[in-house]
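Colleague: build the 3D model from these lines:
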Amino acid sequence: MSVENARPTRAPAAFWFGAAALYALAVSIVLLAPPAGLLTQEGAWVVALLAIPVLLTAVPLFVRTQRILVWGCIALLAAFTLYTIASVGLVYLPALVMLAVATFRQAR
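Modeller: This is a model prediction of the structure:
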């Protein structure tokens with residue numbers, strides 16, 4: 001057995017793009033669910049607000065080769081996270097980090 005085969009493999013960029021999209025979707029669903037109750041407390045407009053990070057993480061999943069679109073989604077998600085950090089933005093920070101990791105992995 002060679003040394004190269006014994007090393008653990010790193011997750012490819014596709015894994016990180018998918019993980020970011022699934023994480024953002026899961027967080028949005030949890031925030032809308034009855035225990036958190038944002039839908040019942042704030043109304044239907046919250047669905048549109050929580051759809052923004054889901055869309056911003058799903059777009060890079062399908063257009064990975066277009067770096068300018070991926071970086072644009074990262075910038076918009078960072079702006080969303082900073083703007084809404086007092087309410088729901090902080091929980092989307094891991095999705096932002098996953099997108100950045102995926103982009104750097106893809107650049108290699």
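
Colleague: where do the helices sit along the chain?
Modeller: 3-6, 13-32, 38-42, 45-62, 67-83, 93-107 (DSSP state H).

Colleague: can you list the low-confidence ranges for the chain?
Modeller: Residue ranges of the chain with pLDDT under 70: 1-9, 36, 108.

Colleague: run the last query once more with 80
Modeller: Residue ranges of the chain with pLDDT under 80: 1-11, 35-37, 64, 107-108.

Colleague: which residues does the closest residue to Trp71 other than its chain neighbours contact?
Modeller: Spatial nearest neighbour of Trp71, chain neighbours left out: Thr103 (7.0 Å); criterion: C-beta to C-beta, 6 or more residues apart in numbering. No exception for glycine: its C-beta is placed from N, CA and C like everyone else's. Thr103 makes contact with 13, 60, 67, 70-71, 74, according to C-beta atoms under 8 Å, 6 or more residues apart in numbering.

Colleague: could you measure from Thr103 over to Pro60?
Modeller: Noted for Thr103: a distance of 8 Å to Pro60, by C-beta to C-beta, to the nearest Å.

Colleague: what is in contact with these two at once?
Modeller: Common neighbours of Thr103 and Pro60 (C-beta under 8 Å, 6+ apart) are 70, 74.

Colleague: hang on, Leu76 packs against Leu56?
Modeller: Yes. The criterion here is C-beta atoms under 8 Å, and Leu76 meets it with Leu56 at 5.5 Å.

Colleague: and these two? Which one has more around it.
Modeller: Each of Leu76 and Leu56 has its neighbours counted (other C-beta atoms under 10 Å); Leu56 has more, 26 against 15.
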